[in-house]
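Enquirer: Give me a 3D structure for the following:
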Amino acid sequence: MEGLLITARAVHFASVISLNGVLAFECLVAAPAFLAAGASEAATAALRRRLRFLAWLSLAFALVSGAAWLVAVAATISGEPLAAVLSQGTLRVVLIDTRFGEDWLLRLACAVVIAALLAARRESLQRVDPSIRWVGLILATLLLASLAWAGHGAATAGAAGNLHLAGDVLHLAAAGTWLGTLLPFALLLGEAHRGGEACWQTVARAATRRFSVVAIVSVVALLAGGMVNTWFLAGTVPALVGTEYGQLLLSKISLFVAMVVVASVNLLRLTPRLTGAAASQATGQLRRNALIEATLGYAVVAIVALLGILPPGLQTQPGWPFPFRFDFAALSIGAGIAVAILAALIFVCCVGAVAAAAGRYRITAGLAAGLALCSAAAWAPLRGAVKHAYPTSFYAPAQPYAAGSVVRGASIYAADCAACHGASGKGDGPAAAGLPIRPANLTEAQLFAHTPGELFWWVSHGRANAAMPGFADVLKPSRRWDVINFIRARAAGVQSGAVGSTLATEATAPVPDFAFEVCGTQTTLGQMLERGPLLLVLYEPPAPVARLEELAAGQPRLAAAGLRVVAVKLGDASDGDEAAPAVVVHVSRRVDKSLALFRAPGSNESELMLDRSGNVRLRWTASNLAPPDRLVAEAERVARAPLPHKAMPVTSTN
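Expert: This is a model prediction of the structure:
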């Protein structure tokens, strides 16, 4: 069934693009070229017949493939065999009750009207035919653009979804105007190359000039729409090179670049020759290259048909294929600026080399030399950012960085890791003395120089040089992520102890997300942080009643400065239960255990000011609490301050 779905999508996309291209070519290229060259109806009748035949053929394939696509979708949704889909009313349900069915009916209506317009056209009706062509082009463009609602662009929610969908529509319309017009353009050049009437060389020159303008505008639109789609679906390097979706997308981009190179040859080398003695030869070469472009373009369409049934790269765990990665956060400011400038120069050289590949060999050689020099120059500052990498280096945690995962990870750590790494994580477990290399201290800041995916690789496969076994056969992936969340949370708690009453600029992992109840309403830390900085007060009995009442009384002023206050009592919830001020929230026991990692030793109260990503930026204890005026000033500074590197935003819920 998957094969039918992919084939139907590929044929449908190709035929609708072809239909749109024929009508666009007639309106934007052929008709104006005939008029400019003074070509008679008799001279152009054969080409008009061929174009009409291509339009009818494209429409027929669009209808048949559209029906096959509908059947394949119905079978996929219902899980029934084809015979049951066709006999049990499944198609009717899909047509009426799904968005795909509604879009399919809209496309069918457009196709029926286009068929009526094609049937009504008469070459002799000069006053009617142009109007019919333009109406047909508008409907064909609508038919093509409606395919955006059958792709990933329609699945993105909110304002971002509108941008994604608009990018998809622009991409499709541009594909129809460029790729779809290539075959009709080749047909016109074929007529000119055969040298029927003398006017055909004039027609070929006029058509080529107009086609070049249409193609350039379409390529720019394709780039714009493609960049939007790539950003939403595979907007990171790991997603591009480490997922099936991204790798197919790179193949699509490579074919597009090849099309641009061929188009550059046509524009810069062959088009100027249409006015010389070798006009007939240039016309033949243009026709051949137009067919090559079309072949490459429809190969792109086949890839698009496959991409449409795959999960986007950003929704897939990327398998990093290289043994190294670049940690740009490790670069100094100067090195980062130098790398950015050199990267821009490399991009310019690449674009220039592609554009100049049409016979401007000296320019191409110069740009290639510039590309090599810029790449060599970039290596010097980049060398310090090179880190060893693993296939899972860019995995996103499969378990949310939240209190529940941290608590589960703590119990797994105690059972499987504490013997070597120690109960406190400092590498001083009872089995550590018998190991050839002391186990790593899992509370140092160096832990955050490694991605969660790298920790996942080590927990899964072990580290032979440190005599650490792998746990892939012992723990399920979700349990391994729980251990990693605990390790990172504990290290974050230890490292936050170094944060004082001066705004911290270094990165730490944030406080784990947690759910709590305030004034009878359930919310989470992540949801609160979306509004701005937050003061997290952690205290143990006896409760600092005076301080809590001071914060509760100052809440309106603090909230006006963008600062919310959340106070959590650690320890037994029944111990010393008092009439809690409004800033005190109610949490579960597992939240209590995870937040205990961030309390200050020797003090029954810690106040942590968190930025929007949940990182601890300021810290006070019972002996040096900040007055409300100071909290307001610091909250304003935290709100303006850039997020530290390697921030791990709190966006998950517990």
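Enquirer: what residues are up against residue 290?
Expert: 182, 183, 185, 186, 189, 266 (C-beta atoms under 8 Å, 6 or more residues apart in numbering). Placement of C-beta: from N, CA and C, glycine included.
Enquirer: per-residue confidence at residue 645?
Expert: Model confidence at residue 645, given as pLDDT, is 54.
Enquirer: Ok, residue 127 next?
Expert: At residue 127, the model reports a pLDDT of 46.
Enquirer: Likewise for residue 263?
Expert: 89.
Enquirer: correct me, but it touches residue 293?
Expert: Yes. Applying C-beta atoms under 8 Å as the test, residue 263 and residue 293 come out as touching, 6.3 Å apart.
Enquirer: These two - which one has more neighbours?
Expert: residue 293 (25 against 21; other C-beta atoms under 10 Å).
Enquirer: Secondary structure element for that one, which one?
Expert: helix 279-307 (DSSP states H and E).
Enquirer: so after that helix, what's the next helix or strand?
Expert: Immediately after helix 279-307, counting by DSSP H and E, sits strand 324-326.
Enquirer: Grab the nearest non-local neighbour of residue 530.
Expert: residue 612 (7.4 Å; C-beta to C-beta, 6 or more residues apart in numbering).
Enquirer: Give me the number of neighbouring residues for residue 47.
Expert: For residue 47, using other C-beta under 10 Å, the count is 22.
Enquirer: oh, I was asking about residue 275
Expert: 11.
Enquirer: what kind of secondary structure is the closest residue to it other than its chain neighbours in?
Expert: Excluding the flanking residues, the one nearest residue 275 by C-beta to C-beta, 6+ apart is residue 205, at 6.6 Å. Three-state assignment for residue 205 (DSSP: H, G, I helix; E, B strand; the rest coil): helix.
Enquirer: picking that back up, of the contacts of residue 290, which belong to strands?
Expert: When DSSP state E is applied, the contacts of residue 290 are split such that none fall in strands.
Enquirer: other SSEs contacting the helix or strand of the chain with the lowest mean pLDDT?
Expert: Using mean pLDDT, DSSP states H and E, the weakest-scoring helix or strand in the chain turns out to be helix 82-87, at a mean of 71. Here helix 82-87 touches helix 41-78, going by 3 or more C-beta pairs under 8 Å, 6 or more residues apart in numbering; DSSP states H and E.
Enquirer: could you say what helices and strands the helix it packs on packs with?
Expert: Helix 41-78 packs on helix 2-25, helix 82-87, helix 90-97, helix 99-120, helix 158-194, helix 199-234, going by 3+ C-beta pairs under 8 Å, 6+ apart.
Enquirer: Please identify which of those is closest to residue 537.
Expert: Set against residue 537 and scored by C-beta to C-beta, these come closest in helix 158-194, at 33.5 Å.
Enquirer: where does the closest one sit relative to the chain's centre, distance-wise?
Expert: 23 Å (C-alpha atoms, centre = their mean, to the nearest Å).
Enquirer: what does stretch 610-620 give?
Expert: With C-alpha atoms, centre = their mean, you get 28 Å for stretch 610-620.
Enquirer: Just the endpoints, please. Distance across it?
Expert: 12 Å (C-alpha to C-alpha, to the nearest Å).
Enquirer: try stretch 591-610
Expert: Stretch 591-610 end-to-end distance (C-alpha to C-alpha) = 17 Å.
Enquirer: Run a quick check on residue 106 versus residue 146, I expect a contact.
Expert: Yes. Counting by C-beta under 8 Å, residue 146 is a contact partner of residue 106 at 5.7 Å.
Enquirer: Comparing the two, which shows the higher neighbour count?
Expert: residue 146 (18 against 14).
Enquirer: which residues touch that one?
Expert: The contact partners of residue 146, by C-beta under 8 Å, 6+ apart, come to 103, 106, 107, 110.
Enquirer: swap the cut-off to 6 Å and go again
Expert: Neighbouring residues of residue 146 by C-beta atoms under 6 Å, 6 or more residues apart in numbering: 103, 106, 107.
Enquirer: buried stuff in stretch 143-157?
Expert: 143, 144, 145, 146, 147, 148, 149, 150, 151, 152, 153, 156 (16 or more other C-beta atoms under 10 Å).
Enquirer: I figured the residue nearest to residue 275 hits residue 274, correct?
Expert: Yes. At 4.9 Å, residue 205 and residue 274 qualify as touching, with contact defined as C-beta atoms under 6 Å.
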